[in-house]
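>>> How does the following fold in three dimensions:
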Amino acid sequence: MSALVTPQDAVAAVRSKIEQKWAEAVCAELGVGDPVVFSVRLRPGLRTGKAVEQLGHTTWHGWRMQWRDFGSQLPAGVEVVCTAVTIRGVAGDFPAVLNADLDGAATLIADTHNQAEPMTVEVGRARALASTLQSAGATLNPAILRAVYGLPTNDVDVLINAVTWLRQHPDAGNWTLRQLPVPGMHTKWLGTHGALLRDVAGRDVRDEVRPRLTVIHLTYIDPRHAASGRRRHDAWTTGDVHDIAYQPRVVLVVENRDSRLWFPPVSDTIVVEGGGKAAAALLADVPWIRSANHVVYWGDIDADGYAILNHFRATLAVPTPDGAPAKHVTSILMEATDLHHYSLHGINHDKAGRPIKPSRELLPHLTEAEAIAYATIATAGPTPFRRIEQEAIPLTHAVAQLLRILKGQESDRWRPRPSSK
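Alright, predicted model coming up:
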């Protein structure tokens, strides 16, 4: 293989180097980091007349002529550095390195490269973003510039507004995360961009804001409580003076409201509506859930259902900062046998008619039986179905599964009553 780099190969190499180091070059222009020069060695390892002899004078001469022609039309900011080589006793200067600054490299590529394959970065926009960040008092480094460059224009505007707002408000403790009055910021923006704002602003507003109180919707299903005539459905809020009607020995977390509202009677049990992927954060610090003898989760048989179970189980497996104990979470109706038993209810499309996508998420906190079911419905390969919704499974079956888990209690005490469903 020839050790000689043609002008076309050199331009391609410069393009690759810009893709790798454009952010460093732009930041360096603003005094952040060392200056960047895009360099390509044009005859690596070929420094002597003997090496030229081995390569062949015809090849060497043709390469030299290519660079003579190409070098005569280089844009500003690009130069070919020549070094001496003695061939057959005659010394001469020959192309050795192509050097370019950012503007020169960008112009070189624009002038010579196939415009059907444009650069992934537009240097002018990158410079404008870097200047805007620095003017706003934001932290500027190559990693941040790359991340900001990848944002849509409206998100860049919100980010700059957020940095400016934080500079004007050293204490964000009077707002919740969704109440921050940053111009243009929607209530869930920080859920996606909070880490980037932390890096850019140099402070994590997510740790400063007023906590959002946990509100739990629940249903009392203890038959003795029902016989008392007191309310069956309730809500509990962190820090409120309102107490729940009784301390449950069993807390069953479900995802579907109908499953909570119509769950059949079971002694000493409260059914809680989980709240989807936020279940772990919402429920993990609730004292009466931590104090229950059994915490049980029942969700959809789909990728989201297993992800919620995995996160919920991992979160409750760690004691709370105030000393509440770790708690084991058991599941019902989410094992491989359940997947096959209720396969008649399997579906492959969501409520909008779109195909349900597979999942590559690793879920290390599933049991073996749960992991088999998850792998079956979440696989990237063919599978009969990807979801069995909770509502499709009879509530009487859920009661039977719950009682199986609670086996060992007095049979009369745990016997289910007739259901309205």
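>>> From residue 261, how far off is residue 304?
21 Å (C-beta to C-beta, to the nearest Å). (Each C-beta comes from the backbone N, C-alpha and C, glycine too.)
>>> likewise residue 129?
Residue 129 is 51 Å from residue 261, by C-beta to C-beta.
>>> The two: which is more packed in?
residue 129 (21 against 16; other C-beta atoms under 10 Å).
>>> my guess is that one is in a strand, correct?
No. Counting by DSSP: H, G, I helix; E, B strand; the rest coil, residue 129 falls outside a strand, being helix.
>>> and residue 195, how many neighbours?
When neighbours are defined as other C-beta under 10 Å, residue 195 has 12 of them.
>>> list the helices and strands the helix or strand containing it packs on?
Per DSSP states H and E, residue 195 falls inside helix 189-201. Other helices and strands packing on helix 189-201, by 3 or more C-beta pairs under 8 Å, 6 or more residues apart in numbering; DSSP states H and E, are helix 142-149, helix 153-168.
>>> Not counting that helix itself, show me its contacts.
Contact with helix 189-201 is made by 133, 138-139, 143-144, 147-148, 151, 155, 158-159, 162-163, 166-167, 177, 180, 204-206, as judged by C-beta atoms under 8 Å, 6 or more residues apart in numbering.
>>> Could you tell me which of those count as buried?
Neighbour-count burial (16 or more other C-beta atoms under 10 Å) is assigned, among the contacts of helix 189-201, to 133, 138, 144, 147-148, 155, 158-159, 162-163, 166, 177, 180, 205.
>>> pLDDT and distance to residue 331 for the residues you listed - can I get that in TSV?
Putting these into TSV (pLDDT from 0 to 100; distance: C-beta to C-beta, whole Å) gives the following:
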residue	pLDDT	distance to residue 331
133	97	46
138	96	45
144	97	41
147	97	37
148	97	41
155	96	38
158	96	39
159	97	40
162	96	39
163	96	43
166	95	42
177	85	30
180	92	37
205	93	36
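>>> can you state the direction angle for the helix holding residue 195 and helix 153-168?
For helix 189-201 against helix 153-168, the angle between stretch directions is 60 degrees (axes from the mean of the first three to the mean of the last three C-alpha atoms, to 10 degrees).
>>> hang on, isn't residue 101 packed against residue 77?
Yes. Judged on C-beta atoms under 8 Å, residue 101 makes contact with residue 77 at a distance of 4.4 Å.
>>> Give me the neighbour count for residue 405.
As a measure of burial, residue 405 has 14 neighbours, counting by other C-beta under 10 Å.
>>> before we move on, what about residue 407?
Around residue 407 there are 8 residues (other C-beta under 10 Å).
>>> swap in residue 239?
Count around residue 239 with other C-beta under 10 Å applied: 7.
>>> Likewise for residue 193?
Using other C-beta under 10 Å, residue 193 has 18 neighbouring residues.
>>> please begin residue numbering at 194 from this point
New numbering, starting at 194: the last item is residue 386.
>>> Could you measure from it over to residue 395?
Taken as C-beta to C-beta, the span from residue 386 to residue 395 is 15 Å.
>>> now residue 499
Applying C-beta to C-beta to residue 499 and residue 395 gives a distance of 37 Å.
>>> Mind checking which of these two has more residues around it?
More crowded of residue 499 and residue 395, by other C-beta under 10 Å: residue 499, with 26 against 13.
>>> Which two among the buried ones among the contacts of helix 382-394 are spaced furthest apart?
Using C-beta to C-beta, the buried ones among the contacts of helix 382-394 span at most 22.9 Å, a distance reached by 326 and 370.
>>> buried set for stretch 535-545?
Buried residues in stretch 535-545 (16+ other C-beta under 10 Å): 535, 539.
>>> Let me fix that, I meant to ask about stretch 551-559.
552, 556, 558, 559.
>>> Need the max-distance pair from the residues you listed.
Spatially, the most separated pair among the buried residues of stretch 551-559 is 552 and 558, at 15.1 Å (C-beta to C-beta).
>>> hmm, who's touching stretch 428-440?
406-411, 413, 415, 418, 423-424, 427, 461, 463, 478-479, 481, 484-485.
>>> mind checking how far that stretch is from the chain centre?
Centroid separation for stretch 428-440 versus its chain: 34 Å, with C-alpha atoms, centre = their mean, to the nearest Å.
>>> And it, what's buried?
Neighbour-count burial for stretch 428-440 [16+ other C-beta under 10 Å]: 429, 439.
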